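Participant: Need coordinates for the following:
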Amino acid sequence: MIRSVLTSLSLLALASACHTSAVRRTTPRQSSTTSVSQSQGVYQYRDEDPTVKPFFSDRVGVTGRNGMVASAHPEASRVGLEILKAGGNAVDAAVAVQFALAVVYPGAGNIGGGGFMVYRDKTGAAHTLDFREKAPGKATQNMYLDSAGNVKPGLSISGHLASGVPGSVDGMVQAHSRFGKLPWQQVLQPAIDLAKRGFPLTERDARGLNGIRTDLLKINPGKTYFLKGTPTDTTRWAKGQTLAQPDLAQTLQRIQEQGRAGFYAGETARLLAAEMQKNGGIITEQDLADYKSVWRDPIKAAYKDLNVITMAPTSSGGVALVQLMRFVEPFPLRRWGWNRDSTVQVMIEAERRVYADRAKFLGDPDFVKVPVAELTSYPYLKTRWTDFDWNKATDSRNVRGGSIPGYESLETTHFSVVDRDGNAVSITTTLNGGYGSRVVVGGAGFFMNNEMDDFSVKPGTPNMYGLVGNAANAIAPGKRMLSSMTPSIIEKDGKLFMVVGTPGGSTIMTSVFQTVLNVVEHGMTMQQAVNALKFHHQWLPDKTIFETGAFSEKTQQALQSRGYILERLTNTLGRMDCILVRPDGSFEGASDPRADNTAIGY
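Facilitator: As a prediction, this is how the structure comes out:
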């Protein structure tokens, strides 16, 4: 997409004219400076309060020259690296990581869910694959409403009716068939081995499984999957204990031997459909047979000297990321400083408008017209900025999706892989909520998703992440539900520069946005950008949530004086897994210290 120079200049002029006082107001004092040398320059954190630091952790990145894998679990990252060392390319490693995560990270890694892949090969050619789940054939627009038209609480979140038709296996089959190098059987074997022999639980693994014990017993009566002992045994999982999954191993073996048919037909399809039929679900063997992933044209957009390659709908993340970056492009964020009040104010107001557009315009492009080019154009974004006021926060009640002529009306996982030749893969995949619908398919041993909640169950009613949708994202048979996943690859001077992505439900887009800016505007290393504390605004509800320490007291006071509602989190935002190509051609792998995320390179 070619940038309009005149439009860009007019935006810059608007920024300069309107923000002189803001620049003067936010010029930081040099009372405390922390400098960290890194590959892109020197990041300087300037804060009047020396007790406030910008990072969640002091973890440093992993370096390598021949390949890098960053994922949510150390066992999965190890599998990916082994595939690279065995001569596999980035797609081979990504497929192996995906299936390994289905074993070792059942809260989000999956074969019962779906996701998106962004792939850039060594020549610079880019491809994106949509393997998002679909609504079953028996789905109806009002299936989660009672006779009075009210939403039935929890029906789209837990239990058998909450699941869409899974896409992960078909997506991996298509990705490998088109771009893989090693034999399919070899790529699947590590996950099968992990399921058969088991793996040692991390403390986080054990805590997660113990935390869903009540739901497992309630939703899966008579089953013992993921329980320590029997249903009547009160023993809990502990760090270091081995979790083996023999039924899942057999399911993976069928996929290994039969490819797509090992999941969407035969024994696995029969088991899945029987599980649904027995317990009030509506997914059928025909739904499984009919499922197909879709190769879509990637979104490509310039930001200064960078080129962003990201996912088109049914992901809303790609549109949002480009909008966010182009909204803030005219402003001197680098000069203002990381998380200073003016920097944060501009970013919050951009986020507010992007999420309003998401609610109005975004949906499955196979069912509704999604005006991607218009939404990401500089002229359109300029019109969305006209009601911005430096002196006060915009009221979200007065913000709606913009006007486009001719338009008719938290639990996920991400991993990044780069091989020695420079092929790069960015994949975000999910069950939606942690452990999805909490339904385990009897005889097959895997969790099903609760992605139906990502539809607009009722226009104007928030989903489990507080996101509001409209008719564009209404339920329809065979339709893909809207997603916030934002797997992305960034080029600099025509070369591979960064591979990014994160889980986090509605916070995915803003976490990716901030992580990219941390590198390109604030001079952080990749790991520093991942470590950096984050914040989030999503239009509705009208508040900004932030990780403890993300804002200094002075920044908080400045924002609150302008009417911004701030809410300090007791937990964290995002779990990034990213890779940066450094000036010397080596890779920096950055895994999030907020969880078990692990980067491994060689």
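Participant: residues touching Ile309, list them.
Facilitator: Listed by Cβ atoms under 8 Å, 6 or more residues apart in numbering, the contact partners of Ile309 are 118, 120, 126, 298-300, 488-491. In short, each C-beta sits where N, CA and C put it, glycine included.
Participant: Longest helix in this protein, please.
Facilitator: Under DSSP state H, the helix in the chain containing the largest number of residues is helix 341-361.
Participant: need the next SSE after it, C-terminal direction.
Facilitator: Next along the chain after helix 341-361, taking DSSP states H and E as the criterion, comes helix 372-375.
Participant: Quick check: buried residues in that following helix?
Facilitator: By neighbour count with 16 or more other Cβ atoms under 10 Å, helix 372-375 contains the buried residues 372, 375.
Participant: Give me the distance from it to the chain's centre.
Facilitator: Between the centre of helix 372-375 and the centre of its chain there are 21 Å (Cα atoms, centre = their mean, to the nearest Å).
Participant: again with stretch 435-444
Facilitator: Using Cα atoms, centre = their mean, the mean C-alpha position of stretch 435-444 is found 22 Å from that of the whole chain.
Participant: got it, and stretch 574-593?
Facilitator: With Cα atoms, centre = their mean as the basis, stretch 574-593 stands 16 Å off its chain's centre.
Participant: before we move on, the earlier item: what subset of the contacts of Ile309 is buried?
Facilitator: 118, 120, 126, 298-299, 488-491.
Participant: how about those residues in JSON lines, adding secondary structure and pLDDT?
Facilitator: Output for the buried ones among the contacts of Ile309, formatted as JSON lines (DSSP: H, G, I helix; E, B strand; the rest coil; pLDDT from 0 to 100):
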{"residue": "Val118", "secondary structure": "strand", "pLDDT": "98"}
{"residue": "Arg120", "secondary structure": "strand", "pLDDT": "98"}
{"residue": "Ala126", "secondary structure": "strand", "pLDDT": "98"}
{"residue": "Pro298", "secondary structure": "coil", "pLDDT": "98"}
{"residue": "Ile299", "secondary structure": "strand", "pLDDT": "98"}
{"residue": "Ser488", "secondary structure": "strand", "pLDDT": "98"}
{"residue": "Ile489", "secondary structure": "strand", "pLDDT": "98"}
{"residue": "Ile490", "secondary structure": "strand", "pLDDT": "98"}
{"residue": "Glu491", "secondary structure": "strand", "pLDDT": "98"}
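Participant: Take those and write them to JSON lines, including distance to Gln253.
Facilitator: As requested, the buried ones among the contacts of Ile309 are arranged in JSON lines below (distance: Cβ to Cβ, whole Å):
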{"residue": "Val118", "distance to Gln253": "29"}
{"residue": "Arg120", "distance to Gln253": "32"}
{"residue": "Ala126", "distance to Gln253": "34"}
{"residue": "Pro298", "distance to Gln253": "34"}
{"residue": "Ile299", "distance to Gln253": "37"}
{"residue": "Ser488", "distance to Gln253": "34"}
{"residue": "Ile489", "distance to Gln253": "33"}
{"residue": "Ile490", "distance to Gln253": "38"}
{"residue": "Glu491", "distance to Gln253": "39"}
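Participant: From those, pick the one nearest Gln528.
Facilitator: For these, the closest approach to Gln528 (Cβ to Cβ) belongs to Ile490, at 16.6 Å.
Participant: The closest one is in contact with Phe513, isn't it?
Facilitator: No: assessed by Cβ atoms under 8 Å, Ile490 is found out of contact with Phe513, at 11.9 Å.
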